[in-house]
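Novice: Mind looking at a prediction? Sequence and model below.
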Amino acid sequence: MAKAKKEIKLNIDHDNTFDEMLLDQQQERKKAGIVHIPIEKLHSFENHPFKVEDNEKMDELVESILENGILSPVVVRPIYDGYELISGHRRTHAAKKAGLTSAPAVIRELSDEEATILMVDANIQREFQYPSERARSLKMKMDAMARLREKQGALGDHSRELVGKDSNMSGRTVQRYITLNALIPDLLEMVDEKRIVMGTALDICGLREEVQDWIYEFVALGGTITPALVHRLKQVDETEGLTHEVTDYILNEGNYKKKTRKITISDAKIDKYFPPNFEVEDIQGVIFMLLDRWAKAYGGDSANE
């Protein structure tokens, strides 16, 4: 007896429509090449320039992963002891916090230069970035592009305009960020914290690291560094050479200057002590004579020194 054919029901909720079956097939094809890798095998990209912070946005990502899993696979390349993350550092960190033991990943075979370029391009489009992140990542991409073209024996443009192309940045903007790499790490962190503005930071880049250390000490203690102060430091360093003591004096010079004191005595008070026929010179003479007597009586002879 022939086996009855299974009936495919199409109900009003479209639970099992032909379109849905096609969609399922498409999704399966998309999943091809995606593998689940133990999180312990996923390692951060060497010198990864982007910060992974435990903040409110990270908490939101952890909650999303707990509820929905990792929706977008991370991108990795094989290394000797596992896999190096190209993109997905925040997702991997959040997955660890959520207690996951593996993550969906796409494995790519990439050279060091290709991996660096892809890593920068995958992360630099993030909504918010610290100046230090852009400074380091753009420099990494610039250097990687130069090495790649050298290996290929190709002549071509790896200029700042090309580096900024995928980030919608002008060549001038790229150069400004790359210049920030001349700052010592402590000062670059202060730029991230907005304790030093971008323009002033770029001016400081022209100073020796030793001088930058002294500037960091000044700002860390509550001082405010300005373009005028940086310009003064550069002038002195070029002519006389800065020492710690000279740098400290220049940075705090405003605190050392004696404040101007202006004393005003109203006509009403003057008239109380002097007759109307006294000229200004006469009044001043009497006042200074009395002050000299006061100084000798209470302050020694300092008034005559």
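Specialist: Looks like it arrived, so ask away. Residues are numbered from 1 along each chain as shown.
Novice: And stretch 105-119, how far out from the chain middle?
Specialist: Between the centre of stretch 105-119 and the centre of its chain there are 25 Å (Cα atoms, centre = their mean, to the nearest Å).
Novice: actually stretch 33-47, not the one I typed
Specialist: Mean-position distance between stretch 33-47 and its chain equals 26 Å (Cα atoms, centre = their mean).
Novice: buried sites along it?
Specialist: Neighbour-count burial for stretch 33-47 flags 37, 39, 42, 45 (criterion: 16 or more other Cβ atoms under 10 Å). Where you see a C-beta, it was placed from the backbone N, CA and C, and this is true even at glycine.
Novice: Ends of it, what's the gap?
Specialist: By Cα to Cα, to the nearest Å, the extent of stretch 33-47 from end to end equals 27 Å.
Novice: quick check: mean pLDDT across that stretch?
Specialist: Over the span of stretch 33-47, the pLDDT mean works out to 93.
Novice: what's that stretch in contact with?
Specialist: Contact with stretch 33-47 is made by 73-74, 76, 79, 81-86, 89, 92, 95-96, 100-107, 115, 119, 136, 140, as judged by Cβ atoms under 8 Å, 6 or more residues apart in numbering.
Novice: Go ahead and confirm residue 286 touches residue 274.
Specialist: Yes. Applying Cβ atoms under 8 Å, one finds residue 286 in contact with residue 274, separated by 7.3 Å.
Novice: just to revisit the earlier point, just the buried subset of the contacts of stretch 33-47, written out for PyMOL, thanks.
Specialist: Buried members of the contacts of stretch 33-47, defined by 16+ other Cβ under 10 Å, are picked up in PyMOL with:
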select buried, resi 73+74+76+83+84+85+86+89+92+95+96+100+103+104+105+106+107+115+119+136+140
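Novice: Stretch 61-80: end-to-end distance?
Specialist: End-to-end distance for stretch 61-80: 30 Å, by Cα to Cα.
Novice: Just give me how far that stretch sits from the chain centre.
Specialist: Here the centre of stretch 61-80 is set off from its chain's centre by 25 Å, with Cα atoms, centre = their mean.
Novice: In that stretch, which of the residues would be classed as buried?
Specialist: 61-62, 65, 70, 73-77.
Novice: what do you get for stretch 237-250?
Specialist: Under 16+ other Cβ under 10 Å, the buried positions of stretch 237-250 are 237, 242, 246-247, 250.
Novice: between those, which is nearest residue 279?
Specialist: residue 250 (46.4 Å; Cβ to Cβ).
Novice: Confirm that closest one sits in a strand?
Specialist: No. Looking at residue 250 with DSSP: H, G, I helix; E, B strand; the rest coil, it is helix, so not inside a strand.
Novice: my read: it touches residue 233, true?
Specialist: Yes. Contact criterion Cβ under 8 Å: residue 250 and residue 233 qualify, at 5.9 Å.
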